[in-house]
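Visitor: coordinates only, sequence not included:
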């Protein structure tokens, strides 16, 4: 007969303190591998458009004429396929997440 | 004979994480019949294969379900690799097995929390999920995502484990095994929990076989069925036995999943001990042509991946037969004759994943 089998866990819990963190006040560290958001080192980009063609969610737009590269951050699923296929390795996966936003703005990169 | 009433259960119900609708025909407090209705989260992912090329579809396949995401990606990659006759490196097979077993661990821990929540044991729910959090941290450390990993690709895996990560995984597994014993004791031996699960919703071996139950649902009814015994990925090189219970009630299903948690911990330890050195992927050439089906074991049961390719970048058809879909007839059978108050627990013990079911 056992009615109080969870008591052991609960007593341990009283002395342990919280397992959670107060999120916005206490920041959680991201790992090196964390897939946060895609960044483009635009000065190295050759605007070949491979990333645009391979992107599963059609989030990337490349304009070779005006040397513009843009990404719809909230459409991107952070799969990292563009990073893998980029011939110049100018696309990188940043470990910081996209900040919350009120609109679906495109992140524009232009090489003037 | 009492009055017959029909009570709609779902699609929005406190106990259901995802939408499924059941019309319960009641006679007093007893369920006579349950009529299901699905289709609330259909997204047309199978059709999408005509628009996305076979490489891109790996990332779509992973998004069929948030809990067994890795196994969906793995099942799809395995079927395309079979069509293209690609042999992936041994290390990649072991890495896939490690991530697959970690997924099983987190899925079962999630389910145990939900079950505890369904019978109103809030603190047990929180403690199950506390243990699950460590596994999500491992996922973020090793793959970069907590839910969707995007780590499986056709021809192998995209990320490798380094010595530091392996050390972290081993440490977490050691600790988890100790912590799990306490949680398992509550689920298996606490009188108040046993009162809700023992003898409730019995599915006989014959009924489970006839209705085509899969996974823990079938194993709890005494059917010897575990697709991992086929030896796909690295399972052929590991020592394990499918976990079988014979009672077929909610208690047996809980027990099967609990024991599978310990089995998964053991399998991960075996994988780490045997992990070979070498490449993690092979470069694939050409385009797939032909058809193939793959069966793998997800946390909820067997999943079937059928792919038909035509030699172009776009596949003709991908068909996914998911475990919850196969378990719905068995659920309806167990619902017959149960009390209304037991319906939430019965629905939860099939471990329903509606977004898998409807894709």
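Guide: Structure's in. What do you need? Everything numeric here is computed off the predicted structure, so don't read it as measured data.
Visitor: Am I right that residue B:297 sits in a helix?
Guide: No - counting by DSSP: H, G, I helix; E, B strand; the rest coil, residue B:297 falls outside a helix, being strand.
Visitor: helix, strand or coil for residue A:87?
Guide: Going by three-state DSSP: residue A:87 is coil.
Visitor: what about it, how many residues close to it?
Guide: Number of residues near residue A:87 (other C-beta atoms under 10 Å in any protein chain shown) recorded here: 9. Every residue, glycine included, has its C-beta placed from N, CA and C.
Visitor: Kindly report the same for residue A:104.
Guide: 9.
Visitor: I'd guessed it sits against residue A:76; true?
Guide: No - if you go by C-beta atoms under 8 Å, residue A:104 and residue A:76 don't touch, sitting 11.2 Å apart.
Visitor: got a list of what residue B:315 touches?
Guide: B:49, B:50, B:54, B:57, B:288, B:307, B:308, B:309 (C-beta atoms under 8 Å, 6 or more residues apart in numbering or on different chains).
Visitor: Report the two of the residues you listed separated the most.
Guide: B:50 and B:288 (14.4 Å; C-beta to C-beta).
Visitor: Mind listing what's buried along stretch B:165-184?
Guide: Residues of stretch B:165-184 classed as buried: B:165, B:168, B:169, B:172, B:173, B:176, B:179, B:180, B:183, B:184 (neighbour count, 16 or more other C-beta atoms under 10 Å in any protein chain shown).
Visitor: buried residues in stretch A:59-75?
Guide: Buried-residue list, stretch A:59-75, by 16+ other C-beta under 10 Å: A:59, A:60, A:61, A:62, A:68, A:69, A:70, A:71, A:72, A:73.
Visitor: List phi and psi for the third one.
Guide: If I follow you right, that is residue A:61. Note on residue A:61: its backbone torsions stand at phi -130, psi 130 [degrees, to the nearest 10].
Visitor: Could you report the pLDDT at residue B:210?
Guide: Here, the pLDDT recorded for residue B:210 equals 91.
Visitor: just residue B:107 next, same as before
Guide: 91.
Visitor: So for the helix or strand containing residue A:14, what gets flagged as buried?
Guide: Residue A:14 belongs to helix A:7-16 when assigned by DSSP states H and E. Counting neighbours by 16+ other C-beta under 10 Å, one finds that the buried residues in helix A:7-16 are A:9, A:13.
Visitor: next structured bit after that helix?
Guide: strand A:37-40.
Visitor: Can you name every helix or strand that that following strand contacts?
Guide: With contacts taken as 3 or more C-beta pairs under 8 Å, 6 or more residues apart in numbering or on different chains; DSSP states H and E, strand A:37-40 sits against strand A:68-72, strand A:91-94.
Visitor: in its sheet, what does that strand sit against?
Guide: Applying DSSP bridges to the sheet, strand A:37-40 is found paired with strand A:91-94 (antiparallel).
Visitor: Perfect, I'm done here.
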